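**Student:** Quick one, what's the 3D model for this:
(one chain, ligands or ions: 2)
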Amino acid sequence: MNEKRGLLIGRMQPVHKGHISVIQETLKEVDELVIGIGSAEKSHTLSNPFTGGERILMLTKALREYNIDPSRYYILPLEDIACNSLWVGHVTMLTPPFCRVYSGNSLVQQLFQEANIPYTQPPLFNRTEYSGTEVRRRMLNNDNWEKLVPNSVIKVLKEINGIQRIQKLNQKEISELV
Ligand SMILES: Nc1ncnc2c1ncn2[C@@H]1O[C@H](COP(=O)(O)OP(=O)(O)OP(=O)(O)O)[C@@H](O)[C@H]1O
Ligand SMILES: NC(=O)c1ccc[n+]([C@@H]2O[C@H](COP(=O)(O)O)[C@@H](O)[C@H]2O)c1
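**Tutor:** Ligands and ions are numbered 1, 2, ... in the order given. Okay, the predicted model is just below:
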């Protein structure tokens, strides 16, 4: 029998505990999960501070920390393209075959629906805290961001001087405004 394989997409700037929960929950529904790291080519901006490779490292270590069976998922970088109408083809060219997309992003949902690939909008866990925007905001302000991300992600962020990077990007943005 064919395996039921799903695709979950997120930018994961950075990986936080909401991502881990959604991956754990989705793995109850599918045999295998393809996890696409979105906007993989983007880095060094305030909304996308980390490179595709750094985010792959964070997610690999975090899924290992949570003892998620590595034979059940694939982690892939997905670069953006200029043309939305061609994006689903671009994604399916790069990923193992899947039968359903898991995403809360309305544009992602719309593009897959138009390509006759069904989607599920997964529930959000503790969204006031588990959000990339909130984690980055706290990183900028040195405000207790550590509890929002897995320990292994804290370790990767230390290795790559991630907090320093975000704070430097912010200073640059402020100095360009003045
Ligand atoms: N708190 C959460 N609980 C469950 N799933 C989440 C949570 N936050 C994000 N996700 C999942 O991750 C996907 C988006 O990933 P993304 O990295 O953009 O997260 P984000 O926290 O919304 O980031 P940002 O605030 O930077 O836009 C969503 O489609 C959703 O399925
Ligand atoms: N044309 C495109 O390249 C295109 C279209 C729709 C979504 N995407 C990407 O899908 C990802 C969706 O993830 P988020 O839910 O984290 O925003 C983003 O990286 C977004 O840029 C890309």
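
**Student:** Now do the strands for the protein: every range, in order, please.
**Tutor:** Assigned by DSSP state E, the chain shows strands spanning 5-10, 32-37, 73-77, 100-102, 119-120.

**Student:** Can you tell me what sits against the longest helix seen in the chain?
**Tutor:** Looking across the chain with DSSP state H, the single longest helix is helix 162-177. When contacts are defined by Cβ atoms under 8 Å, 6 or more residues apart in numbering, helix 162-177 is touched by residues 14, 44-46, 49-50, 54, 136, 139-140, 142, 156-157. C-beta coordinates here come from the backbone N, C-alpha and C atoms, glycine included.

**Student:** again, only using 6 Å
**Tutor:** With contact meaning Cβ atoms under 6 Å, 6 or more residues apart in numbering, helix 162-177 is reached by L46, P49, M139, L140.

**Student:** Low-confidence regions, this protein specifically.
**Tutor:** Flagging of the chain using pLDDT under 70 yields the residue ranges 1, 178.

**Student:** which bits of it sit near ligand 2?
**Tutor:** Counting by Cβ under 6 Å from any ligand atom, the positions of the chain adjacent to ligand 2 are 9-11, 38-39, 80-81, 84, 87, 103, 105, 107-108, 111.

**Student:** Next, the contact list for the nearest residue to Y74 once chain neighbours are set aside, please.
**Tutor:** Excluding its sequence neighbours, the residue lying closest to Y74 (Cβ to Cβ, 6 or more residues apart in numbering) is V34, at 5.0 Å. Going by Cβ under 6 Å, 6+ apart, V34 touches L7, Y74, T95, P96, F98.

**Student:** Is V34 bridged to anything, and to what?
**Tutor:** As for beta bridges, V34 partners with L7, Y74 under DSSP bridges.

**Student:** Pull the number of nearby residues for the residue nearest to E129 when sequence neighbours are not counted.
**Tutor:** Leaving aside its sequence neighbours, E129 sits nearest to L148 (Cβ to Cβ, 6+ apart; 5.6 Å). Applying the criterion other Cβ atoms under 10 Å, we find 21 residues in the vicinity of L148.

**Student:** Quick check: L148 vs V101, distance?
**Tutor:** Between L148 and V101 the distance, using Cβ to Cβ, to the nearest Å, works out to 25 Å.

**Student:** ditto for A82
**Tutor:** A82 sits 21 Å away from V101, taking Cβ to Cβ as the criterion.

**Student:** So for those two, which residue has more residues nearby?
**Tutor:** For A82 and V101, the more surrounded residue by other Cβ under 10 Å is V101, and the numbers stand at 25 against 6.
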